[in-house]
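In: Take this sequence and fold it.
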Amino acid sequence: TTTYHQDPDFDLIQITDIHFTYFPFSTMLPDSVFSIDYYKNEGYEYKFVEAVPAREEEKLNLTHSQLELLMNYPFISAQQDTVHIANLDAQYILLDFWYASCAPCLKALPELNTLIETYPDSTLSVIGINCFDKKTRQNVTEKLRAKDIHIPLLFGERELIDLIGVSAFPSYFLITPERKIEYIEGGIVDVKKILQQHLEK
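Out: Numbering: from 1, shown residues only. Take a look at the predicted model:
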């Protein structure tokens with residue numbers, strides 16, 4: 001089976017997974033598209049996955065070193081500008097970790113876009129962080145701008161996601177005036193509630 005996403009609004013498409021299920025009595029055919037060897041020879045990465053019991057995910061808390069890495073990471077914009085989160089002036093900074101073929105991520109972007117209209121720039125800065133589509137950042141940015149999404153978009157390498165432990169998308173982090181970071185569990189509704197608690201006291 002092949003899993004892919006094609007978003008009708010943003011016109012973005014990406015194959016996300018090719019999944020094989022092998023049974024003990026099945027025959028491996030080395031020269032066909034039904035064989036793992038076929039994709040290995042084409043240069044694809046692969047892994048064997050066994051079913052494991054579901055477990056409750058722990059709340060994501062960044063260590064001091066992870067926070068320092070995130071704050072000082074050299075993100076790049078579609079215009080080739082290098083941006084460090086630590087250099088932003090807003091009191092609160094909301095980071096939205098997303099990628100182009102994530103349907104929930106794209107659905108949340110218009111809602112996040114309204115936040116930059118609700119709060120002054122000096123109070124809240126909303127930043128989209130994408131560590132999957134750096135090579136196509138200009139095309140991705142143009143498609144979002146065409147849909148009136150004007151959140152600043154910054155791009156990094158995939159390794160950053162692994163180093164700070166983000167595994168669900170979208171994921172939201174709120175950086176406070178004291179430059180402490182708060183992971184917001186849930187979706188955009190929860191983001192708005194947390195922002196109201198902080199900004200509308």
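
In: So which residue is smack in the middle of this protein?
Out: The chain has residue 98 as the residue nearest its centroid, 2.4 Å off, counting by C-alpha atoms, centre = their mean.

In: Who are the contact partners of that residue?
Out: 105, 106, 108, 109, 128, 129, 130, 169, 170 (C-beta atoms under 8 Å, 6 or more residues apart in numbering). (C-beta placed from N, C-alpha, C; glycine too.)

In: buried ones in the top helix by length along the chain?
Out: Longest helix in the chain, counting residues (DSSP state H): helix 103-118. Using 16 or more other C-beta atoms under 10 Å as the test for burial, helix 103-118 gives 105, 106, 108, 109, 112, 113, 115, 116.

In: Which is the succeeding secondary structure element to it?
Out: With elements assigned by DSSP states H and E, the helix or strand that comes after helix 103-118 is strand 124-130.

In: for that following strand, what is the average pLDDT?
Out: Strand 124-130 comes out with an average pLDDT of 96.

In: contacts for it?
Out: Contacts for strand 124-130 (C-beta under 8 Å, 6+ apart): 75, 85, 88-100, 109, 112-113, 115-116, 137, 140, 151-156, 195, 199.

In: next SSE after it?
Out: helix 137-146.

In: Now do that next one: which elements does it pack against?
Out: strand 153-155 (3 or more C-beta pairs under 8 Å, 6 or more residues apart in numbering; DSSP states H and E).

In: how many other residues sit next to residue 131?
Out: The criterion is other C-beta atoms under 10 Å. On that basis, residue 131 has 21 neighbouring residues.

In: just checking, it touches residue 155?
Out: Yes - under the criterion of C-beta atoms under 8 Å, residue 131 makes contact with residue 155 at 7.1 Å.

In: mind listing what residue 60 touches?
Out: Counting by C-beta under 8 Å, 6+ apart, residue 60 touches 165, 166, 171, 183.

In: Could you measure from it over to residue 168?
Out: 8 Å (C-beta to C-beta, to the nearest Å).

In: I'd like the contacts of residue 98 as JSON lines, with distance to residue 81 appended.
Out: Shown next, in JSON lines, are these (distance: C-beta to C-beta, whole Å):
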{"residue": "105", "distance to residue 81": "23"}
{"residue": "106", "distance to residue 81": "24"}
{"residue": "108", "distance to residue 81": "24"}
{"residue": "109", "distance to residue 81": "21"}
{"residue": "128", "distance to residue 81": "15"}
{"residue": "129", "distance to residue 81": "15"}
{"residue": "130", "distance to residue 81": "15"}
{"residue": "169", "distance to residue 81": "24"}
{"residue": "170", "distance to residue 81": "23"}
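
In: Thank you kindly, that will do.
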